[in-house]
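Visitor: no sequence on this one, just coordinates:
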């Protein structure tokens, strides 16, 4: 489904609520803006399968922009607003983007980019303008509100920074399908595993340019639910928003758990979190002590998954499964997990090795055949580069990324283990452990 499918039944239902400003965009408003933007793209000569890039902070119009590209059948790349001009120029050029939408937050870099993206003819800026960029609001106001004919759904191509070299664009090998059939995978996940429906309220505390926030927000709106978008994460503000909006589902990263746990007892206890049905966490390993304390606080509403931008597999566990297998990231739901040594041979149960998926989604790294090949074995199994093991019940445990491993005296040392110990110390706000050569 897509936001326009709900205009007839609940046009005034909130689709997007900005946490701090309180600005609300209804489903009717979201659908109208997306239709107008899709016409802007089409009038500029972009056709289904073409690429477009966006680089801005968590903005009230961000999701409408994404849906506008989606409605036009475009492949859209959300660029981190923290990147340098050189990094942004590389992604815009590498993706083959023909349009860029940005904001005054990136004005200095947007000005520098003008001479570095010769193939980008449509340049838009929301809230303000600079030389070489048209006003987003002006072009939207002058565009047709009528849906484009014969619409196919677009999809994202996001860049995975990996551990070495340039960011790699993860291109899903898929065909474009009619708009009203698109987004089924994430929406089905949200509905099937987490019970999301049109009455749900989703709290999104992370930058929209990351894969999970972007895809989950799009999936929530495709189901007719409301999303509350935080401009920036703040631990106590997050807790306050749950009670204020009756939040039923949210997705976080473990660092956010840590920051909430480090609040005073009084600060934690003053907020009502009883409306929560599901809190999903991913993107980084969660220390066992941190997760146990969160379950003690919030109850068995925590859900964890392991997956990547590449979409080659999906591993999942709920709170009950985790309590029975502390430290696990879950059991494979999509794809079959194999643990292999450096030669690509499977290791014994309980032994560590590189985590591979068989039978998951297909992907390639855009314009990088070597990296695509390096992430696959000859039999087609693919990896995200993580090291882990499976237990006798088939539950997966991650150790760290292979590229992070330090070898000392013939022993494998994983920085994640040290980080897990240090992160909960009262004097530590956050920690990252790296290895450096030492004779």
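Guide: Looks like it arrived, so ask away. What you see is a predicted model, and the numbers here were worked out from it, not measured in a lab. Numbers count the residues shown, from 1 in each chain.
Visitor: Show me what secondary structure element comes after the strand or helix carrying residue 30.
Guide: In the assignment (DSSP states H and E), residue 30 maps to helix 27-43. Sequence order places strand 51-55 as the next helix or strand after helix 27-43, per DSSP H and E.
Visitor: Figure out how far that following strand is from the centre of its chain.
Guide: 16 Å (C-alpha atoms, centre = their mean, to the nearest Å).
Visitor: List the contacts of that strand.
Guide: The contact list for strand 51-55 (C-beta atoms under 8 Å, 6 or more residues apart in numbering) reads 41, 46, 62, 65-66, 69, 74-81, 83, 88, 91-92, 95-102, 106, 120, 157, 209. Bear in mind the C-beta positions are built from the backbone N, C-alpha and C, glycine included.
Visitor: ok and it relative to helix 27-43, angle-wise?
Guide: Using axes from the mean of the first three to the mean of the last three C-alpha atoms, to 10 degrees, the direction of strand 51-55 lies 130 degrees away from that of helix 27-43.
Visitor: what lines up beside strand 51-55 in the sheet?
Guide: strand 75-78 (parallel), strand 97-102 (parallel) (DSSP bridges).
Visitor: Format these as JSON lines; extra columns: distance to residue 429 and mean pLDDT.
Guide: Shown next, in JSON lines, are the strands paired with strand 51-55 (distance: least, C-beta to C-beta, whole Å; pLDDT from 0 to 100):
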{"stretch": "strand 75-78", "distance to residue 429": "27", "mean pLDDT": "97"}
{"stretch": "strand 97-102", "distance to residue 429": "31", "mean pLDDT": "98"}
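Visitor: among the ones you listed, which is nearest residue 358?
Guide: strand 75-78 (26.7 Å; C-beta to C-beta).
Visitor: List the buried residues of that closest one.
Guide: 75, 76, 77, 78 (16 or more other C-beta atoms under 10 Å).
Visitor: do stretch 79-97 as well
Guide: Result for stretch 79-97 [16+ other C-beta under 10 Å]: buried residues 79-81, 83, 87-97.
Visitor: What is the most widely separated pair among these?
Guide: Top of the distance list for those (C-beta to C-beta): 81 and 96, 20.9 Å.
Visitor: where do the strands sit along the stretch 151-300 of the chain?
Guide: 155-156, 158-160, 168-172, 201-204, 226-229, 249-252, 278-281 (DSSP state E, counting those that start in this stretch).
Visitor: Any stretches of the stretch 301-439 of the chain with poor pLDDT?
Guide: For the stretch 301-439 of the chain, applying pLDDT under 70 flags the ranges 400-412, 414.
Visitor: those helices in it, which residues are they?
Guide: Secondary structure of the stretch 301-439 of the chain (DSSP state H, counting those that start in this stretch): helices at 319-324, 369-374, 415-422.
Visitor: How many neighbouring residues does residue 123 have?
Guide: By the criterion of other C-beta atoms under 10 Å, residue 123 has 18 neighbours.
Visitor: So which elements touch the helix or strand it falls within?
Guide: Assigned by DSSP H and E, residue 123 falls within strand 122-125. Judged by 3 or more C-beta pairs under 8 Å, 6 or more residues apart in numbering; DSSP states H and E, strand 122-125 is in contact with helix 27-43, strand 97-102, helix 107-113, strand 134-135, helix 136-141.
Visitor: Centre of the chain to that strand, how far?
Guide: On C-alpha atoms, centre = their mean, the centre of strand 122-125 falls 24 Å from that of its chain.
Visitor: can you list contacts of it?
Guide: So strand 122-125 is contacted by 40-41, 44, 46, 98-104, 107, 110, 114, 132-136, 139 (C-beta under 8 Å, 6+ apart).
Visitor: 6 Å instead?
Guide: The contact list for strand 122-125 (C-beta atoms under 6 Å, 6 or more residues apart in numbering) reads 44, 99, 100, 101, 102, 132, 133, 134, 136.
Visitor: Filter those residues down to the buried ones.
Guide: Buried among those by 16+ other C-beta under 10 Å: 44, 99, 100, 101, 102, 133, 136.
Visitor: Could you identify the most distant pair in those?
Guide: 44 and 102 (15.9 Å).
Visitor: Isn't residue 211 up against residue 158?
Guide: Yes: judged on C-beta atoms under 6 Å, residue 211 makes contact with residue 158 at a distance of 5.0 Å.
Visitor: more crowded one of those two?
Guide: residue 158 (24 against 20).
Visitor: partner residues bridging that one?
Guide: Residues in beta-bridge contact with residue 158 (DSSP bridges): residue 170.
Visitor: Tell me who's in contact with it.
Guide: So residue 158 contacts 170, 211, 309 (C-beta under 6 Å, 6+ apart).
Visitor: Please report phi then psi for the nearest residue to the second one once chain neighbours are set aside.
Guide: Nearest-residue entry for residue 211: residue 309, 4.3 Å, with adjacent residues in sequence omitted and distances by C-beta to C-beta, 6 or more residues apart in numbering. Comment: the main-chain dihedrals of residue 309 come out as phi -50, psi -30, following degrees, to the nearest 10.
Visitor: Use 14 as the first number for this chain going forward.
Guide: Taking 14 as the first residue, the last one we looked at is residue 322.
Visitor: what's near enough to touch residue 322?
Guide: 171, 173, 183, 224.
Visitor: Looking at the residues you listed, which one is closest to residue 373?
Guide: Of the contacts of residue 322, the one sitting nearest to residue 373 (C-beta to C-beta) turns out to be residue 183, at 13.1 Å.
Visitor: I'd say that closest one and residue 323 touch.
Guide: Yes: counting by C-beta under 6 Å, residue 323 is a contact partner of residue 183 at 5.1 Å.
Visitor: what about the two, which has more around it?
Guide: Neighbours were counted for residue 183 and for residue 323 using other C-beta under 10 Å; residue 323 has more, 24 against 21.
Visitor: How about the contacts made by that one?
Guide: 183, 376.
Visitor: repeat that for 10 Å
Guide: Neighbour list for residue 323: 171, 173, 181, 183-185, 224, 370, 373-378, 388, 395-397 [criterion: C-beta atoms under 10 Å, 6 or more residues apart in numbering].
Visitor: In PyMOL, select just the buried ones from those.
Guide: In PyMOL, this line selects whichever of these come out buried by 16+ other C-beta under 10 Å:
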select buried, resi 171+173+181+183+184+185+224+370+373+374+376+377+378+388+395+396+397
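Visitor: how about residue 142, what does it touch?
Guide: 117, 120, 123, 136, 148, 149, 150, 151.
Visitor: buried subset of those?
Guide: Counted by 16+ other C-beta under 10 Å, these give 120, 123, 136, 149 as buried.
Visitor: rewinding a little: out of the buried residues of stretch 92-110, which sit inside helices?
Guide: Of the buried residues of stretch 92-110, the ones assigned to helices by DSSP state H are 100, 101, 102, 103, 104, 105, 106, 107, 108.
Visitor: got those residues as TSV, with pLDDT and distance to residue 212 columns?
Guide: Conversion of these to TSV gives the following (pLDDT from 0 to 100; distance: C-beta to C-beta, whole Å):
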residue	pLDDT	distance to residue 212
100	92	41
101	94	39
102	96	44
103	94	43
104	95	38
105	96	39
106	95	44
107	93	41
108	94	37
